[in-house]
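K.L.:
How does the following fold in three dimensions:
(chains A and B)
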Amino acid sequence: MSKELWKGNEAIAEAAVRAGLQAYFGYPITPQTELLEYLSRRMPDLGRVFVQAESEVAAINMVYGAACTGVRVMTSSSSPGMSLMQEGLSYIAGSEVPCVLVDMMRGGPGLGNIAPGQADYFQLVKGGGHGDYHSIVLAPASVQEAVTLTYTAFDLAEKHRAIVIIAADGNIGQMMEPVIMPPMREIVTGDGGWQLTGARGREHRVIASIGLEPEQLEAINFRLQARYAAIQASEVRYAELDTDDADILIVAFGSAARIAHSAIREARARGIRVGLLRPITLWPFPSARIAELTKRISRVLVVEMNAGQMVEDVRLAVGSQASVDFFGRLGGFVPMPDEILGQIAAIAARSPAAAPAGAGDLTGFQKPIRSWQA
Amino acid sequence: MLPLTEFSSNGHTSPDLLSGLTVAYERPRALRPVVTHYCPGCTHGVIHRLVAEVIDELGIREQTVGVASVGCSVFAYNYFDCDFAEAAHGRAPAMATGIKRVLPDHVVFTYQGDGDLASIGMAEIVHAATRGEKITVVFVNNGVYGMTGGQMAPTTVPGMKTTSSQLGRDVTKMGYPVRVSEMLSTLDGAAYIVRRSVHDPAHINRTKKALRTAFQAQLAGLGFSMVEILSACPVNWDLTPQAALQYIKDTMMPYFPLGDYKVVEAVKGLT
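P.N.:
This is a model prediction of the structure:
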């Protein structure tokens, strides 16, 4: 298999096709529209279903319908569109049918802008819609990783009868990178005892998210929570860099983590030992690993392209074991490595353990041009 | 004293007592032998039965997937003996689109009330119709939000008192009722759009015939089909069941005329 240059949105679309995507329903919104455009050609060519819906509300409910039949189904959108899909996601979660979503996150709130952002963390990770539910949230940091995660997302969704969301910031969708595409998979059909396929020679089946009696609804909720506990026990993914000897730990996901990586190289060149933990699953969150690392590492810096959302989960994981600083850029700004280096330097300066002798004057990095510190 | 008819748990009469008799009227196979939650005098039960009879007669029960909506018909999935999904409020046509597109050889129908279809779900029904989705919509119009206790609906006739238009619907402030069949009939994707009523036996028979045609249009792949049915809600109209049927005839039908609003040529050939 050779490397090919792919644009993120199109690469994700092709990865989904190769994973056996049977139906796609979507609505145009920047910066994910190339995904919809690509599938508008690709799906009909393969005799598979493509529908451009009248809204994100309709798109997610088309996904819901198709998911009830057990096919591999996906939609994609960007932040304002994801807001519109939250109702549908709550119903899908309550009905326990599998599906995959792609959120190519942009700046918010409101109409915001079309520049990359990470401010959908709360919406995607904490539920977003009504009721107690979770989606599995995967955060790629490169086009290749977006491809790999999309390819496996359908298996994850089916294994747990859950929603899987690829949460990428707009950078990932818009940039081109070399990618090794996975092979085309056969479409597998089977009956798990719940799919709606017509009651031929069997009892009728119902897929609903209703439980009128509290006893009934509590039982459904217990079942969902057991499902989520199983996901938390088995599906946590993260990547680590230079954590072995680190005095400062950066926690960042997606594009922010890549930029932090550059800052870490710079910091290490100056003698400051910084490591990176990059959550790949935002839910389930790698809390246990962060707790483990911060038994030894006493300084944590969380970098996000938002006003401080994942940092709450980091603080919960860390407890009082370490200090947690936050650095974020808002409104579609992508942080510069120097800005992150400035934060690292500031933390090192107030921490004797982390500030190396002879590191030189670090004050020049301590004041980023514009930032928000939660 | 021996009871005249003894019902077993499946709703069928005991064979012993039926010897020598022929069955003139029985529960359709596509209806489950359960007690419904519908109020006395409500015509949802009649409409359920008509849909089930048509499913039986066309022999499509095992290939049919229904989509229930939010409102009084939310529990339709408990009453029909075919596969069923339960949609979010107003979204049944989108959900049905998803099902039908991946199961094109199956029969997919939605069963929706007027609050669901003509208010919160207006976008979904219009676009399902204009895309020509090969689904059948059973649209039960009783001019009121029944499940939530009788609030004004998009189809509440001018002057009608509801719990949220307590002095009567004032069209200068609350706007006018929506005539859905007329509106959807302007769309090219619609193959069969008619309005019927169930206020008396003759109209019930016509409604059944229309439902049959609507499902046949879907089976023939001709496009979107919908039967709007004027239906009684005596409890929320504050009328007796009989007076409610009269209300359909005297008050609803003048505003929502019965008729065939869209019947494409190919549908006319169906029998």
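K.L.:
Show me the strands in the stretch 51-200 of chain B, by range?
P.N.:
B:64-68, B:83-86, B:107-113, B:136-141, B:144-145, B:151-152, B:190-197 (DSSP state E, counting those that start in this stretch).
K.L.:
In contact with the residue of the stretch 251-374 of chain A found nearest chain B, which residues?
P.N.:
Nearest residue of the stretch 251-374 of chain A to chain B: residue A:283, at 22.8 Å (CB to the nearest CB). (C-beta placed from N, C-alpha, C; glycine too.) Counting by CB atoms under 8 Å, 6 or more residues apart in numbering or on different chains, residue A:283 touches A:124, A:125, A:134, A:135, A:136, A:137.
K.L.:
nearest to chain A, of the strands of the stretch 51-200 of chain B?
P.N.:
Closest to chain A of the strands of the stretch 51-200 of chain B is strand B:83-86 (CB to the nearest CB; 3.4 Å).
K.L.:
Report the contact partners of the closest residue to residue A:23 other than its chain neighbours.
P.N.:
In space, and not counting its chain neighbours, residue A:23 is closest to residue A:49: 3.8 Å by CB to CB, 6 or more residues apart in numbering or on different chains. Contact analysis of residue A:49 by CB under 8 Å, 6+ apart lists A:22, A:23, A:24, A:43, A:66, B:101, B:102.
K.L.:
Mind putting these into CSV with neighbour count and distance to residue A:10?
P.N.:
Formatted as CSV, those follow (neighbours: other CB atoms under 10 Å in any protein chain shown; distance: CB to CB, whole Å):
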residue, neighbour count, distance to residue A:10
A:22, 22, 19
A:23, 24, 19
A:24, 30, 13
A:43, 20, 13
A:66, 30, 22
B:101, 26, 23
B:102, 23, 23
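K.L.:
Dump these to CSV, plus secondary structure, distance to residue B:252 and pLDDT.
P.N.:
Converted to CSV, those look like this (DSSP: H, G, I helix; E, B strand; the rest coil; distance: CB to CB, whole Å; pLDDT from 0 to 100):
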residue, secondary structure, distance to residue B:252, pLDDT
A:22, coil, 44, 98
A:23, strand, 40, 98
A:24, strand, 42, 98
A:43, helix, 44, 98
A:66, helix, 37, 98
B:101, helix, 35, 98
B:102, helix, 38, 98
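K.L.:
Pipe those into TSV and attach distance to residue B:123 per row.
P.N.:
As requested, the contacts of residue A:49 are exported to TSV (distance: CB to CB, whole Å):
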residue	distance to residue B:123
A:22	25
A:23	20
A:24	20
A:43	23
A:66	19
B:101	18
B:102	22
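K.L.:
Out of those residues, which comes closest to residue A:34?
P.N.:
residue A:24 (13.3 Å; CB to CB).
K.L.:
Verify the stated contact: residue A:249 with residue A:275.
P.N.:
Yes: counting by CB atoms under 8 Å, residue A:275 is a contact partner of residue A:249 at 5.3 Å.
K.L.:
And for residue A:333, the neighbour number?
P.N.:
17 (other CB atoms under 10 Å in any protein chain shown).
K.L.:
Which helix or strand contains it?
P.N.:
Using DSSP states H and E, residue A:333 maps to neither a helix nor a strand.
K.L.:
Need the pLDDT of it.
P.N.:
The model reports residue A:333 with a pLDDT of 93.
K.L.:
and what of the one 4 residues further on?
P.N.:
Here, the pLDDT recorded for residue A:337 equals 95.
K.L.:
Kindly report the same for residue B:4.
P.N.:
pLDDT at residue B:4 comes out at 42.
K.L.:
and residue A:351, what pLDDT?
P.N.:
In the predicted model, residue A:351 carries a pLDDT score of 75.
K.L.:
Mind jotting down where the helices sit in the chain?
P.N.:
You didn't say which chain, so I picked chain A. A:8-18, A:33-45, A:56-67, A:79-95, A:121-125, A:143-160, A:170-174, A:214-234, A:254-269, A:287-293, A:310-318, A:337-349 (DSSP state H).
K.L.:
Please refer instead to chain B.
P.N.:
B:15-18, B:44-58, B:76-79, B:92-102, B:114-115, B:122-130, B:171-174, B:180-184, B:201-219, B:234-237, B:241-247, B:253-255, B:265-268.
K.L.:
can those helices go into JSON lines with extra columns for distance to chain A?
P.N.:
As requested, these are exported to JSON lines (distance: least, CB to the nearest CB, whole Å):
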{"stretch": "helix B:15-18", "distance to chain A": "24"}
{"stretch": "helix B:44-58", "distance to chain A": "11"}
{"stretch": "helix B:76-79", "distance to chain A": "5"}
{"stretch": "helix B:92-102", "distance to chain A": "3"}
{"stretch": "helix B:114-115", "distance to chain A": "16"}
{"stretch": "helix B:122-130", "distance to chain A": "4"}
{"stretch": "helix B:171-174", "distance to chain A": "25"}
{"stretch": "helix B:180-184", "distance to chain A": "14"}
{"stretch": "helix B:201-219", "distance to chain A": "14"}
{"stretch": "helix B:234-237", "distance to chain A": "19"}
{"stretch": "helix B:241-247", "distance to chain A": "26"}
{"stretch": "helix B:253-255", "distance to chain A": "28"}
{"stretch": "helix B:265-268", "distance to chain A": "23"}
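K.L.:
Could you tell me the least trusted of the ones you listed?
P.N.:
Lowest mean pLDDT within those: helix B:15-18, at a mean of 66.
K.L.:
list the contacts for the residue lying closest to residue B:29 once chain neighbours are set aside?
P.N.:
Among residues not flanking residue B:29 along the chain, residue B:56 sits closest, at 5.1 Å (CB to CB, 6+ apart). By CB under 8 Å, 6+ apart, the contact set of residue B:56 is B:28, B:29, B:30.
K.L.:
before we move on, what about residue B:232?
P.N.:
B:41, B:42, B:43, B:142, B:198, B:199, B:241, B:244, B:245, B:247, B:248 are the contacts of residue B:232 under CB under 8 Å, 6+ apart.
K.L.:
go on, residue A:118?
P.N.:
With CB under 8 Å, 6+ apart, residue A:118 has these contacts: A:105, A:169, A:253, A:254, A:255, A:256, A:304, A:305, A:306, A:309, A:310.
K.L.:
likewise residue A:108?
P.N.:
Residue A:108 makes contacts with A:79, A:80, A:117, A:119, A:120, as judged by CB under 8 Å, 6+ apart.
K.L.:
per-residue pLDDT, the nearest residue to residue B:94 once chain neighbours are set aside?
P.N.:
Spatially, and ignoring its direct neighbours in sequence, residue B:94 is nearest to residue A:61 (3.7 Å; CB to CB, 6+ apart). According to the prediction, residue A:61 has pLDDT 98.
K.L.:
Residue A:61: neighbour count?
P.N.:
Counted with other CB under 10 Å, residue A:61 comes out at 33.
K.L.:
what's the answer for residue A:144, then?
P.N.:
Per other CB under 10 Å, the neighbour tally for residue A:144 reads 19.
K.L.:
So it sits against residue A:177, correct?
P.N.:
Yes: judged on CB under 8 Å, residue A:144 makes contact with residue A:177 at a distance of 6.5 Å.
K.L.:
Just the CA atoms of stretch B:215-223, as PDB, please.
P.N.:
Extracted C-alpha coordinates of stretch B:215-223, given in PDB (Å, rounded to 0.1, in the frame of the first residue of the first chain):
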ATOM      1  CA  PHE B 215     -49.900   1.500  -0.100                       C
ATOM      2  CA  GLN B 216     -50.300   0.200  -3.600                       C
ATOM      3  CA  ALA B 217     -48.700   3.400  -5.000                       C
ATOM      4  CA  GLN B 218     -45.800   2.700  -2.700                       C
ATOM      5  CA  LEU B 219     -45.600  -1.000  -3.800                       C
ATOM      6  CA  ALA B 220     -45.600   0.200  -7.400                       C
ATOM      7  CA  GLY B 221     -42.800   2.600  -6.600                       C
ATOM      8  CA  LEU B 222     -44.800   5.600  -7.900                       C
ATOM      9  CA  GLY B 223     -43.700   8.100  -5.200                       C
END
